[in-house]
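Colleague: predicted structure and sequence below. I'll ask about it afterward.
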Amino acid sequence: MAILITAIVIIAVVAVIGFILVGMYNGLVQGRLRVREAWSGIDVQLKRRASLIPNLVETVKGYAAHEREVLENVTRARAMLQQAGTPAQAAEANNMLTQTLRSLFAVAENYPNLKANENFLRLQEELADTEDKIAYARQFYNTNVLSYNTKTQTFPSVIFANMFGFKPEEFFEAEAEAREDVHVSFATTAPAASPAPPTNPPATPPGTSA
């Protein structure tokens, strides 16, 4: 009887350990799948953003063709974004694209007809909307990466991670200056009035008291 009880206890302990190990493995698999699903959300928005660039460049060319360096920088950043192979590379390229777009929109301030162009305004709004969606998708993705990476680096799940090749995933980071939305105000503001020159008090004639 004692032997039977011992055997039952051993089987129960082994079963519990087995369930725990299976749970850890499944948790790693699910975490990796969530990361990949979250990345697909960023990838969709990055492709949408890149698809808007050629039309934007052509629109600006119609009014400011001589701004060649700015236009080339935007086109180059778009190509880097399309060629990015990892989240870190995509983040770097996307940040660079954001900076070049800021330069382009700043140049557009010098061309009133361009600022009033309906196609340009529509593209600006779509790019800003896409950047908002990228920011949301980035937050969702990075949250899932943090959860998954924690499992791959903490005990005891790190043992399974090393055994079955679960590698930490890369975060999709935004540079500090690139975290602001690409919103450019085209409202015309009146220049601030120059301060009036100080009025000098009349000189006191010599020999008189003040």
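Modeller: All right, it came through fine. Not measured: the values here are computed from a predicted model. Numbering: from 1, shown residues only.

Colleague: report the longest helix in this protein, please.
Modeller: Assignment by DSSP state H gives helix 2-64 as the longest helix of the chain.

Colleague: low pLDDT regions in the protein?
Modeller: Within the chain, the segments meeting pLDDT under 70 span 176-210.

Colleague: that older thread, state the next helix or strand along the chain beyond the longest helix of the chain.
Modeller: Later in the chain than helix 2-64, the nearest helix or strand by DSSP states H and E is helix 68-83.

Colleague: from the contact counts, what lies against the longest helix of the chain?
Modeller: helix 68-83, helix 87-108, helix 112-115, helix 118-153, helix 157-164 (3 or more Cβ pairs under 8 Å, 6 or more residues apart in numbering; DSSP states H and E). C-betas here are computed from N, CA, C, even on glycine.

Colleague: how much space between the most centrally placed residue in the chain and Q30?
Modeller: Central residue of the chain (Cα atoms, centre = their mean): A174, 4.6 Å from the mean position. Distance of A174 to Q30, computed by Cβ to Cβ, to the nearest Å: 27 Å.

Colleague: what residues are up against T75?
Modeller: I53, V57 (Cβ atoms under 8 Å, 6 or more residues apart in numbering).

Colleague: so for R34, which of the helices and strands packed on helix 2-64 sits nearest?
Modeller: Of all the helices and strands packed on helix 2-64, it is helix 118-153 that lies closest to R34, at 4.6 Å by Cβ to Cβ.

Colleague: buried residues in that closest one, which are they?
Modeller: By 16 or more other Cβ atoms under 10 Å, the buried positions in helix 118-153 come out as 120, 123-124, 126-127, 130-131, 134-135, 137-138, 140-142, 144-145, 148-149, 151-152.

Colleague: that older thread, ok and the longest helix of the chain relative to helix 157-164, angle-wise?
Modeller: 80 degrees (axes from the mean of the first three to the mean of the last three Cα atoms, to 10 degrees).
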